[in-house]
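Undergrad: coords below, sequence missing:
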């Protein structure tokens, strides 16, 4: 037909016609701001200057380091998290509820505090092995939480049917249970991978060079913008590769059911003579991920005595940290709703493209996000330069993947048929989304908000660059003392961060328990 629009353009118009699509596109375009900043700097730098900065041995070394770190850490996190989830949710392990909480509890300890603890008890720990060890202990709960929630929600009737067909326990697990955990494994693995790509403090203390540490060093030592931004460009390519891998592994399978499934909890496997051996895994994991940090903090607090407790300064830092964490968690969760809904209800190439925009910024270090916002606010929005609003925008950009992964998993388990039923009864699409889908996905939204707030509580580099004068959070105060090797003075701030993170981590744990709806 003459004048007819191309098929892809009609899809774009239909996608953006609804308010959900328009909101998702707006958020995605905003999420591209840091990437646009990197591209803008590269364009202004020119190929003659940019090429030598990218194609040099140092970049190859950083690429190998980062690739090995991600390739080794993510699978090990998956194996550890899956084993812990199965033991606490599907076996008769004594004290399973306590071990389940202890598997989530490492989230209360910031990643750079994990490094602070380990280099205190093992000063020679550094390099790839040290980075892997500390990263696994700091980040495995991000995979344990979705895996344990998914195991609780699985219909045991499917496993019973497989067993009745003659399949043994291992065959049932690998052919029935494990495929149903694909979304949780991919989402958790993506979260861990993005954290590894963007982490700074952990690897600086452990003395392991990655793209992020090199970028921050360039900005802080010589303020070499072109060199740092060329490194950030390579880091974005790494993020694309990670997103493509997760997207391919995730697939388009359906994970929701309309009915209630089997009206009983699944039978817990009997460990029998292997109980003591199985008990060692959660016990050793808790000892390494919680015992070492708590022992180190106690040691330095005793060594420092009462002189390291500056109560007025700490109270101010605590209040500012708490206010930023709550406000940032609410804002980030709200802006992630449209994209999370579309990723489940309207999958396609355009949706995957816009979703990738939201994940890309999660792989960029906080310093790049902060400098992008500094450039934009100074040039076109000077009134919001170095204001709390700009800090919250940076948090929304940096922690959007956390909210998206949790919301996406929650919406995936909310049957679309219920949405259709609500709309057939006269509800508008927005009302059906709010009154049906989001209510069913509320545990996922609360978990996402808690995860975002946890990240904000422990955020460092963006806060240093963007916070208004006089703003000091617990993380920035801890970093100031630990950078001066004054570990005793840093300990009270680390302990306060741990205590502040506990309620949010407990909420995250409780909400993950409720996702099974049992």
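TA: Thanks, I have the structure now. If you're wondering where the values come from, they're calculated on a predicted model, not measured in any experiment.
Undergrad: thought residue 228 was touching residue 213?
TA: No - using Cβ atoms under 8 Å, residue 228 is not in contact with residue 213, being 11.3 Å away. Glycine gets a C-beta too; all of them are placed from N, C-alpha and C.
Undergrad: So which of those two has more stuff around it?
TA: The neighbour comparison of residue 228 against residue 213 (other Cβ atoms under 10 Å) goes to residue 228, with 26 against 22.
Undergrad: From residue 408, how far off is that one?
TA: Noted for residue 228: a distance of 32 Å to residue 408, by Cβ to Cβ, to the nearest Å.
Undergrad: Kindly report the same for residue 466.
TA: Distance from residue 466 to residue 408, by Cβ to Cβ: 28 Å.
Undergrad: Same question for residue 280.
TA: 34 Å.
Undergrad: Between these two, which is the more surrounded one?
TA: residue 408 (23 against 9).
Undergrad: give me every residue that touches the residue lying closest to the more buried one once chain neighbours are set aside.
TA: Nearest residue to residue 408, sequence neighbours excluded (Cβ to Cβ, 6 or more residues apart in numbering): residue 340, at 4.8 Å. Taking Cβ atoms under 8 Å, 6 or more residues apart in numbering, we find residue 340 in contact with 403-404, 407-408, 411.
Undergrad: In a markdown table, list those along with secondary structure.
TA: What follows is the contacts of residue 340, written out as a markdown table (DSSP: H, G, I helix; E, B strand; the rest coil):
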| residue | secondary structure |
| --- | --- |
| 403 | helix |
| 404 | helix |
| 407 | helix |
| 408 | helix |
| 411 | helix |
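Undergrad: tell me which of those residues is nearest to residue 63?
TA: residue 404 (26.5 Å; Cβ to Cβ).
Undergrad: list the contacts for that closest one?
TA: With Cβ under 8 Å, 6+ apart, residue 404 has these contacts: 336, 339-340, 343, 355, 358-359, 448.
Undergrad: repeat for residue 472
TA: So residue 472 contacts 313, 316-317, 320 (Cβ under 8 Å, 6+ apart).
Undergrad: what's around residue 182, how many residues?
TA: By other Cβ under 10 Å, 15 other residues sit near residue 182.
Undergrad: Check residue 305 too.
TA: 9.
Undergrad: Would you map the strands across the stretch 351-500 of the chain?
TA: Taking DSSP state E, counting those that start in this stretch as the criterion, the stretch 351-500 of the chain contains no strands.
Undergrad: tell me the helices in it, going along the chain?
TA: 366-380, 388-412, 416-424, 429-432, 438-440, 442-458, 461-466, 474-483, 487-514 (DSSP state H, counting those that start in this stretch).
Undergrad: One more: the stretch 51-200 of the chain?
TA: 57-90, 96-104, 111-121, 127-139, 141-153, 156-164, 169-172, 178-180, 182-198.
Undergrad: worst-scoring helix or strand of the protein, pLDDT-wise?
TA: helix 7-17 (a mean of 46; mean pLDDT, DSSP states H and E).
Undergrad: and residue 446, how far is that from residue 110?
TA: For residue 446, the distance to residue 110 - Cβ to Cβ - is 21 Å.
Undergrad: more neighbours, those two?
TA: Comparing residue 446 with residue 110 by other Cβ under 10 Å, the one with more neighbours is residue 110, at 26 against 21.
Undergrad: ok, and the closest non-adjacent residue to the more buried one?
TA: Closest to residue 110 by Cβ to Cβ, 6+ apart is residue 458, at 3.7 Å.
Undergrad: ok, now how distant is that neighbour from residue 113?
TA: 8 Å.
Undergrad: repeat for residue 268
TA: 35 Å.
Undergrad: These two: which is more packed in?
TA: residue 113 (28 against 12).
Undergrad: Counting neighbours, what do you get for residue 495?
TA: By other Cβ under 10 Å, neighbour count at residue 495 equals 21.
Undergrad: Double-check the residue nearest to residue 110 against residue 111; I have them as touching.
TA: Yes - using Cβ under 8 Å, residue 458 is in contact with residue 111, at 7.1 Å.
Undergrad: got the contact list for residue 202?
TA: 111-112, 114-115, 131, 134-135, 138.
Undergrad: Tell me the spacing between it and residue 208.
TA: 9 Å.
Undergrad: Also residue 313?
TA: For residue 313, the distance to residue 208 - Cβ to Cβ - is 32 Å.
Undergrad: Quick check on these two: which one has the bigger neighbour count.
TA: residue 208 (22 against 13).
Undergrad: so where does the more buried one fall, helix or strand?
TA: Per DSSP states H and E, residue 208 falls between elements, in no helix or strand.
Undergrad: Need the nearest residue in space to it, chain neighbours excluded.
TA: Leaving aside its sequence neighbours, residue 208 sits nearest to residue 131 (Cβ to Cβ, 6+ apart; 4.0 Å).
Undergrad: how about the one you found, what does it touch?
TA: 69, 73, 202-203, 206, 208.
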